Structure formats: C-alpha cells, structure tokens
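Trainee: Below is the structure, and that's it, no one-letter string:
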C-alpha cells in the first residue's frame with residue numbers, strides 16, 4: 001500500500017428483501033457504484049436467503065445438524081465447531097431478519113458463494129474482490145465483530161514476516177487478517193439494523209487479485225484443530241482429559257521433555273526417562289490414583305499409554321511404572 005492511507009466504505013440503501021434464487025451479483029451491480037480494486041462485503045444473511053438456507057422449525061435440531069463438535073457450553077450458550085471449520089456460538093444460526101419461527105443457516109460454502117458473486121459482477125462490471133461476512137464473538141473480549149467467512153479475489157492475510165519496522169526490528173509473525181478487518185469496517189457502515197447487505201470498500205486495491213485469480217478464500221483463515229490452543233472451553237478441556245481413554249487426542253502432541261516436566265510437577269519424586277518417542281515414568285511411592293492422574297495428564301499433552309501387557313493386568317491400579325508414546329492428533 002502506497003500513498004496516503006484512506007479507506008472509504010459505502011453501504012447503499014434500498015436493496016430490499018432477498019429471496020431464494022435471487023441473483024446477488026445482479027443486485028450488487030444494480031445498487032453499488034463499483035470501480036476496479038473495490039472490495040464488496042456481502043452479509044451471510046442475504047447469501048443464505050438467496051441460496052435457500054432459511055429454515056422453519058426447531059432451532060436446536062438445526063444446531064445439532066450444523067455441529068461438528070461442541071467446544072463449550074455455558075447456560076443457554078453453545079459454542080461449536082461447524083462443518084465449515086468455523087467456531088461460532090450456535091453454529092452461526094441466526095433468527096433475526098427472517099420470518100418469525102424461522103432461522104437462517106450459514107451458507108453451505110461461503111467461499112464458493114463469494115466466487116460466484118465475483119464472477120457474476122466481473123461478467124458485467126469491474127474487477128473487484130468479494131467477502132461474505134458474519135458476526136462472531138472473540139475469546140477474551142466482550143462483544144462481537146464481523147469476520148470474513150467467505151472470500152474471492154481478495155488477499156485474506158497480509159504477511160509482514162521478514163520485513164523490518166522503522167527502527168530496524170525484524171517482523172517475525174505479523175500477519176494481519178485483512179479480510180476480517182475489512183469485514184469489521186463494513187459492518188460499521190451498514191449497522192446491524194440498517195438493512196444494507198452490500199458494502200463497498202474502496203482504498204485497498206492492493207488486496208484485490210487479478211481477474212481469474214480467486215485466491216485461497218476465507219478457509220485459509222481457519223486454524224486446524226491440531227494448531228488450535230483453545231479448541232475446548234476450560235471445563236470441557238478438563239472433561240476431555242478425564243474421559244481421554246480411547247478417545248482421539250486433541251491438538252498437536254507436546255515434546256517428551258514438556259510432558260516429563262509436567263509429570264514431575266505432579267509427582268516431584270518421579271523418575272522420568274525418554275528417548276523422544278517413548279517416555280517411562282517411575283514413581284517410588286505412588287499415591288492412590290496416581291496412575292489415572294498421570295494418564296489424564298499425558299492425554300492432555302497428546303500422549304497415551306504404550307502397548308504393554310503389564311499395564312492391563314487386572315487389579316494393577318497404581319503401578320510404579322508407566323510407559324507413554326506420542327499419539328497422533
């Protein structure tokens with residue numbers, strides 16, 4: 001980005017109600033004044049309406065169908081990982097701006113939705129980028145902001161790794177999620193109750209890809225389960241560890257050294273040997289329940305009991321030696 005920093009956001013009025021089968025690209029061309037290098041933000045709600053994703057009936061049944069796994073529950077709030085890979089309250093199901101007794105599911109594939117809108121606009125207009133936006137909460141922060149759940153023709157992140165700041169400091173991991181930043185700016189212009197589903201963002205043409213290049217989409221912003229440090233709520237993480245026997249380990253397994261340090265914090269007198277793949281723990285005087293506690297801790301760190309017939313003998317509740325191997329996430 002060169003020249004003075006300026007971002008303009010325009011949210012046109014008068015779009016009206018969107019129904020199943022409506023051509024969103026045609027509506028964008030009709031209501032938006034577009035130029036090459038613009039980014040058009042489209043709310044997920046109108047995408048869902050146009051794609052027939054509005055449902056009547058029980059919302060809890062819909063939530064179950066949209067859920068890949070539950071991340072956390074607190075009272076009436078359920079945060080889930082959806083089949084799209086998004087982590088959202090109520091799987092992003094929304095009962096606002098739809099007929100009473102109905103709810104809108106998220107688009108089946110928001111990246112594909114964005115690609116089709118972009119292609120439709122490009123056929124009769126300028127080269128633009130498209131993002132599909134939805135509202136999400138943030139860990140550690142009160143309130144919500146809009147994020148990009150779909151994208152086409154837009155750089156979704158801007159890597160600064162390897163660059164240097166004005167003081168000569170090397171930037172190591174700086175990578176703004178620019179698609180999410182554009183989504184948040186777009187929401188400020190449209191407002192939650194403004195009925196302005198299209199927002200034109202002008203001033204960052206450097207983020208828009210050439211015609212015919214859609215880019216990786218917003219899917220590139222999703223953390224894989226194994227790379228997510230916060231894949232469960234605090235209570236749910238404890239429950240998963242306690243239930244761990246026979247379950248798939250969540251996340252990337254730690255090094256043997258990390259697990260050894262954790263086991264020593266649990267039992268300071270424990271002797272721990274490891275060769276990187278096999279970790280042997282010996283407790284000179286194990287307390288009642290030591291075996292289960294060590295197994296639970298190992299599961300939480302991505303390790304499980306090694307195959308060993310001595311470990312499965314009936315009545316061997318607190319053996320003085322346990323062997324662990326790194327699990328596959």
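Mentor: Good, I have the coordinates. For clarity, every value in this text was computed on a predicted model and none was experimentally measured.

Trainee: the strands in this structure, which residues?
Mentor: 8-10, 39-43, 54-56, 67-74, 77-82, 87-89, 102-104, 129-138, 141-152, 198-202, 271-274, 278-282, 303-305, 321-326 (DSSP state E).

Trainee: can you count the residues close to residue 266?
Mentor: 14 (other C-beta atoms under 10 Å). C-beta: built from backbone N, CA, C; applies to glycine.

Trainee: That should have said residue 241, apologies.
Mentor: 19.

Trainee: show me the residues around it that make contact.
Mentor: 296, 297, 299, 300 (C-beta atoms under 8 Å, 6 or more residues apart in numbering).

Trainee: Recalculate using a threshold of 6 Å.
Mentor: If you count contacts by C-beta atoms under 6 Å, 6 or more residues apart in numbering, residue 241 has them with 296, 299, 300.

Trainee: what's the answer for residue 276, then?
Mentor: residue 256 are the contacts of residue 276 under C-beta under 6 Å, 6+ apart.

Trainee: So, low pLDDT: which residues of the stretch 151-300 of the chain?
Mentor: Applying pLDDT under 70 to the stretch 151-300 of the chain flags residues 173, 245-250.

Trainee: between the contacts of residue 241, which is closest to residue 123?
Mentor: residue 300 (52.7 Å; C-beta to C-beta).

Trainee: So for that closest one, what's the nearest residue that isn't a sequence neighbour?
Mentor: If the residues on either side of it in the chain are set aside, residue 300 comes closest to residue 241, at 4.2 Å by C-beta to C-beta, 6 or more residues apart in numbering.

Trainee: ok, the nearest residue to residue 281 once chain neighbours are set aside to residue 265 distance?
Mentor: In space, and not counting its chain neighbours, residue 281 is closest to residue 322: 4.8 Å by C-beta to C-beta, 6+ apart. As judged by C-beta to C-beta, to the nearest Å, residue 322 and residue 265 stand 16 Å apart.

Trainee: more neighbours, the two?
Mentor: Per other C-beta under 10 Å, whichever of residue 322 and residue 265 has more neighbours is residue 322, with 25 against 10.

Trainee: Enumerate every residue touching residue 80.
Mentor: So residue 80 contacts 67, 70, 71, 91 (C-beta under 6 Å, 6+ apart).

Trainee: wait, which of those is closest to residue 159?
Mentor: Using C-beta to C-beta, those come closest to residue 159 at residue 71, 27.8 Å.

Trainee: separation between the closest one and residue 227?
Mentor: In terms of C-beta to C-beta, residue 71 sits 15 Å off from residue 227.

Trainee: Neighbour count for these two, which is higher?
Mentor: Counted by other C-beta under 10 Å, residue 71 and residue 227 do not tie: residue 71 has more neighbours, with 20 against 11.
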